[in-house]
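Visitor: Provided below for reference: sequence and predicted model.
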Amino acid sequence: MNGRIGVAAVVAAVSLLGSSGAAVAGDGKSNVTAAERGRYLVTISGCNDCHTPGGMEKGLAVPEREWLTGVPVGFQGPWGTTYPANLRLVINSMTEAEWLKHARLQRKPPMPWYSLAAMSDQDLKAVYAYVRSLGPAGVVAPAYVAPGGKVDTPYFVFVPVVDQKQAAVTR
Ligand code: HEC
């Protein structure tokens, strides 16, 4: 009798843990914390490519304390010039509820906003928990510049180029 009560108590405790958000269900490892799951999501979805200084060149070799601190090099195209935001400052300045709305807003290229917007609430909360665990760091990224405006930072130009000689050879 005592043994059965014990099992029931453990089951109740585990399901309480699950519903409190301390553990993340659905990954087969219920003891993975939301922050750990967030780190995993950030890693596999490529946020560091653009939002981490040196991310594209060095990948995960960039020290984690520098992850997601934003990059002052713009991406220029027909949309103007955009800068990968400092997500450490952005996320650490808002509540979880604000983040859920903010993360689903449409953004300018080359931000894959539709991928972020497609994340489940649970995944967005995990990303939030992870970036909160890293804390704020770095400086605010430069502000967006409209097409034709003055840009005083380095920037990449996103314009498709056709090399006529090369095109003639491969045709
Ligand atoms: C290909 C480059 C690129 C990748 C990859 C990328 N971003 Fe971005 N991100 C940007 C750029 C550029 C902006 C600025 C867009 C704008 O000004 O509208 C931005 C803006 C944002 C913003 C809005 C920030 C603010 O408040 O101003 C959020 C949030 C964000 N990104 C989160 C993410 C997350 C999370 C990931 C990974 C899932 C990610 N981004 C992947 C380039 C990228």
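Guide: Right, received. Where do you want to start? Numbering: from 1, shown residues only.
Visitor: contacting residues around stretch 74-83?
Guide: With contact meaning C-beta atoms under 8 Å, 6 or more residues apart in numbering, stretch 74-83 is reached by 70-73, 84, 107-111, 141-147, 149, 151, 153-159. Just so you know, the C-beta spots here come from the backbone N, C-alpha and C atoms, and that holds for glycine as well.
Visitor: count of neighbours near residue 61?
Guide: The number of residues packed near residue 61 is 8, by other C-beta atoms under 10 Å.
Visitor: Relative to residue 71, how far out is it?
Guide: To residue 71, residue 61 is 16 Å away according to C-beta to C-beta, to the nearest Å.
Visitor: Residue 76 versus the most centrally placed residue in the chain, what's the distance?
Guide: Note on the chain: the residue nearest the mean C-alpha position is residue 47, at 4.5 Å, using C-alpha atoms, centre = their mean. Distance of residue 47 to residue 76, given as C-beta to C-beta: 21 Å.
Visitor: In the protein, what residue spans correspond to helices?
Guide: Counting by DSSP state H, the chain has these helices, from start to end: 2-20, 34-44, 47-51, 55-58, 87-92, 96-102, 113-117, 121-134, 164-170.
Visitor: Any chance of these in JSON lines with mean pLDDT and distance to residue 80 as columns?
Guide: Listed next are the helices of the chain as JSON lines, based on pLDDT from 0 to 100; distance: least, C-beta to C-beta, whole Å:
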{"stretch": "helix 2-20", "mean pLDDT": "43", "distance to residue 80": "43"}
{"stretch": "helix 34-44", "mean pLDDT": "98", "distance to residue 80": "26"}
{"stretch": "helix 47-51", "mean pLDDT": "98", "distance to residue 80": "16"}
{"stretch": "helix 55-58", "mean pLDDT": "96", "distance to residue 80": "21"}
{"stretch": "helix 87-92", "mean pLDDT": "98", "distance to residue 80": "20"}
{"stretch": "helix 96-102", "mean pLDDT": "98", "distance to residue 80": "20"}
{"stretch": "helix 113-117", "mean pLDDT": "98", "distance to residue 80": "15"}
{"stretch": "helix 121-134", "mean pLDDT": "98", "distance to residue 80": "26"}
{"stretch": "helix 164-170", "mean pLDDT": "78", "distance to residue 80": "28"}
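Visitor: thinking again about what came up before, which of the contacts of stretch 74-83 count as buried?
Guide: By neighbour count, with 16 or more other C-beta atoms under 10 Å, these hold 70-72, 84, 107, 111, 141-142, 145, 155 as buried.
Visitor: Good, we can wrap up now.
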